[in-house]
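Participant: no sequence on this one, just coordinates:
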């Protein structure tokens, strides 16, 4: 035992030396960035568990990934908005409806932010939400199964960036459109340069069912045409309010790089959603025609359904003056972050040289005393000084996003100067700064946007990777960096690569999630319309040119495993039920020439692969997931005959071929 | 250089010792690693090969002579879903051994323990291990309830009583 430990330690020390000596050659204080005990702080021995889950947005991969911290080990890629042939997501008949939209089946999106459900301002470990930045949608992932349970589309929106942030009791998950566009019920065939007249920015408040998590668009707020960027809910004393950062208040529609960077200040929009609820109750909402998909996965039928909804209720911010207020914020703000007490709202103006910190109490007082500087397109603008608590001076270049440790400190990422800066909220003094490699975007502290952060680690999600890993041609893996923030000074302890491009992320102590896991689906509760509960129910049924195969899988055979009588022009549906009732025994299913993907069927589940053979012949099928010592024996054949063939439809297991044919 | 290596190694050792107890605790409710640990020792002084390992005992079961037909019907249904893919009702081996004669080969409590608690028994029971060498597939835990197991036992008894 001791010998093994010493050996391990040697490997360790050697690797630490390699890392430090390698880094030592680089400029920019890289040498100081990693200290000798970093390896021990991020090392999780084989067989041991990480202490945190980290849910990281997959950016343009459209997926979400789950990492263990502090090791940075990738645990699972959860398919959300993009098809995933490995898991059959979007390819099998059961999950196709999950990717349905009013535009039809959309196989890809861009998932930017993750947000975990909260109870009373604390992460509760039930769900994690993700946003679709291209075809606007919100997804809810169930953390008992690590699967996408529901996706709702957002009408009147284009590019759902300011999302999926939630209120402290998960009453709502919000969506603010990045691209303002003409509303869905208006004529959209207008000149692009009529942005100011015709384009509107919509905020969606999507209610979340208390026990089942079901999402429903409770109301939308029509706002002036701007770009909504990020948002966060008030909490504690500011519960009932939501804050959205806005840029392009110049209302430009071309060369935004220049034209949306004209003003010294844009806005943070403060939304009184409790007030909006009152107006909604009082019937002040306008029912508007819209088309949006609502997709739900049912764990009992193991099948998703998609419904197109036709109406949404809209409140007008222009008409209902006391729902929305603009707070001037320098300059093109990105992050819009509320501290754990709910008192401080931090705007991170990505082109600003300061960080403004707003006070909720001052904002309330300014609104009640009507300390307004005028209006922006019908929305009252609170005076900057009236809402301002103070400014962090010279913090760095390009502030993007701020997280909190619950001990009175804030941590802001700086894209341009490529660093994380720790500062004290009360006295606005900078306490520490560390470089990132390179150009950090979002930050994450476990619970760092909730009432109760767990401030052991901070993760920086970087936009540029360059030389951090072994090179892999022109396209490089993206990079996250882990810092130990338990002491006064931040300490870099690990780099780890991520899938897609990581934007916002959430992390939570593992105890909140790991004991709630579904291990199998009970076969008795399976209500899939094509389930075969046992081999006695395995069969093949022809209806016209559709052939339904009720198939079972168990270590290590399919039933049936020989099928004859399929003809060219048939559409064959393999409904495969995994009869296993033990954890970690999925079976796969694949057939030659399938134009879609494989199935990966969890114990007790039924999944369906559609297969349309394009030629006559014998087609093998097999189990793709190594299941037992006889996994390579888990296979079968399908015979496809020409149109008009007289080969009867037969199926079998354990017989050579249908007896009538065998004797011929 | 060597001195530094040794020094750092000992620091690492210290810190790793300090951390080692917590993760083990966290994994206390993990079934698989536990049973794998147990399988590494060949001696099972506490294992009773007649009764197997699990919650069922001869006294607890208190089987009466004669068959309960309703129980057997229910057992037949359950085995159709959860067992028949691998076990024939004759003495022919499929994935696992055929069921014919199983109630005379094994004590009832052994059968019920095995079908509700297969993993530890596959690791400990000498006869099951011999069977495992022939079949090469671990009998899966099919998530049977106590009643399920009792009904399947009754069906096995009926299957053996017939003919």
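Facilitator: Looks like it came in fine. The structure displayed is predicted, hence computed values, not measured ones. Residues are numbered from 1 along each chain as shown, chains lettered A, B, ... in the order given.

Participant: name the element the residue nearest to residue A:320 when sequence neighbours are not counted belongs to?
Facilitator: Nearest non-adjacent residue to residue A:320, counting by C-beta to C-beta, 6 or more residues apart in numbering or on different chains: residue A:279, 5.3 Å away. Bear in mind the C-beta positions are built from the backbone N, C-alpha and C, glycine included. Using DSSP states H and E, residue A:279 sits within helix A:273-281.

Participant: may I see the buried residues of that helix?
Facilitator: For helix A:273-281, burial by neighbour count (16 or more other C-beta atoms under 10 Å in any protein chain shown) applies to A:273, A:275-277, A:279-280.

Participant: phi, psi of residue B:152?
Facilitator: phi -60, psi -40 (degrees, to the nearest 10).

Participant: my bad, residue A:200
Facilitator: Phi and psi for residue A:200, reported as degrees, to the nearest 10, are phi -130, psi 150.

Participant: give the bridge partners for it, please.
Facilitator: For residue A:200, the beta-bridge partners under DSSP bridges are residue A:181, residue A:224.

Participant: does it touch residue A:180 like I think?
Facilitator: Yes - here residue A:200 reaches residue A:180: they are 5.8 Å apart, a contact under C-beta atoms under 8 Å.

Participant: just to revisit the earlier point, wait, the residue nearest to residue A:320 touches residue A:315, no?
Facilitator: Yes - Residue A:279 lies in contact with residue A:315 (C-beta under 8 Å); the separation is 5.6 Å.

Participant: gap between residue A:60 and chain B?
Facilitator: Applying C-beta to the nearest C-beta, to the nearest Å, the value for residue A:60 to chain B is 35 Å.

Participant: cool, residue A:91 as well?
Facilitator: Separation of residue A:91 from chain B (C-beta to the nearest C-beta) stands at 26 Å.

Participant: can you check the pLDDT for the residue nearest to residue A:320?
Facilitator: pLDDT for residue A:279: 98.

Participant: contacting residues around it?
Facilitator: By C-beta atoms under 8 Å, 6 or more residues apart in numbering or on different chains, the residues touching residue A:279 are A:285, A:315, A:320, A:323.

Participant: and for residue A:637?
Facilitator: The contact partners of residue A:637, taken as C-beta under 8 Å, 6+ apart, are A:561-563, A:618-621.

Participant: same deal with residue B:74?
Facilitator: B:151, B:154-155.

Participant: for it, give me phi and psi.
Facilitator: Dihedral angles of residue B:74 (phi, psi; degrees, to the nearest 10) stand at phi -60, psi -40.

Participant: the nearest residue to residue A:550 once chain neighbours are set aside: how many residues sit nearby?
Facilitator: Leaving out its chain neighbours, the residue that sits closest to residue A:550 by C-beta to C-beta, 6+ apart is residue A:532, at 4.1 Å. When neighbours are counted by other C-beta atoms under 10 Å in any protein chain shown, residue A:532 registers 23.

Participant: and if you look at residue A:188?
Facilitator: Using other C-beta under 10 Å, residue A:188 has 11 other residues around it.

Participant: what's near enough to touch it?
Facilitator: With contacts defined as C-beta under 8 Å, 6+ apart, residue A:188 is in contact with A:181-182.

Participant: what's across from residue A:245 in the sheet?
Facilitator: Taking DSSP bridges, one finds residue A:268 as the beta-bridge partners of residue A:245.

Participant: isn't it right up against residue A:230?
Facilitator: Yes - the pair residue A:245 / residue A:230 is scored as a contact, 5.2 Å apart, by C-beta under 8 Å.

Participant: for chain B, which spans come out with low pLDDT?
Facilitator: Along chain B, the model assigns pLDDT under 70 to residues B:1-45, B:162-163.

Participant: make it 90
Facilitator: Applying pLDDT under 90 to chain B flags the ranges B:1-46, B:64-65, B:94-95, B:135-138, B:161-163.

Participant: what residue is smack in the middle of the chain?
Facilitator: This is for chain A. The geometric centre of chain A, computed from its C-alpha atoms, lies nearest to residue A:130 (C-alpha atoms, centre = their mean), at 3.0 Å.

Participant: can you look at chain B instead?
Facilitator: Residue closest to the mean C-alpha point of chain B, counted by C-alpha atoms, centre = their mean, is residue B:118 at 1.2 Å.

Participant: ok, that one to chain A distance?
Facilitator: 9 Å.

Participant: can you tell me the number of residues neighbouring the closest residue to that residue other than its chain neighbours?
Facilitator: Excluding its sequence neighbours, the residue lying closest to residue B:118 (C-beta to C-beta, 6+ apart) is residue B:139, at 4.8 Å. If you count neighbours by other C-beta under 10 Å, residue B:139 ends up with 23.

Participant: so residue B:139 is in contact with residue B:97, correct?
Facilitator: No - contact criterion C-beta under 8 Å: residue B:139 and residue B:97 do not qualify, at 10.0 Å.

Participant: which bits of the stretch 501-650 of chain A sit near chain B?
Facilitator: Residues of the stretch 501-650 of chain A lying near chain B by C-beta under 8 Å from any C-beta of the partner chain: A:510, A:515, A:520, A:522-524, A:533-536, A:552, A:554-557, A:559, A:579-585, A:628-630.

Participant: restricted to strands, list those.
Facilitator: Taking DSSP state E, the ones among those that sit in strands are A:552, A:554, A:557, A:559.

Participant: show me the helices in the chain, by range?
Facilitator: Just going to use chain A. A:2-24, A:30-33, A:38-42, A:195-198, A:256-259, A:273-281, A:360-368, A:384-387, A:659-662 (DSSP state H).

Participant: wrong one, I was asking about chain B
Facilitator: With DSSP H as the criterion, chain B has helices spanning B:2-19, B:21-26, B:31-39, B:58-61, B:69-82, B:102-105, B:108-116, B:118-124, B:126-135, B:146-161.

Participant: please name the nearest non-neighbouring residue to residue B:79.
Facilitator: Nearest non-adjacent residue to residue B:79, counting by C-beta to C-beta, 6+ apart: residue B:152, 5.5 Å away.

Participant: number of residues surrounding that neighbour?
Facilitator: Neighbours of residue B:152 under the rule other C-beta under 10 Å: 27.

Participant: what does residue B:90 give?
Facilitator: Using other C-beta under 10 Å: residue B:90 sits among 12 other residues.

Participant: check residue B:52 too.
Facilitator: Look at residue B:52: counted by other C-beta under 10 Å, it has 25 neighbours.
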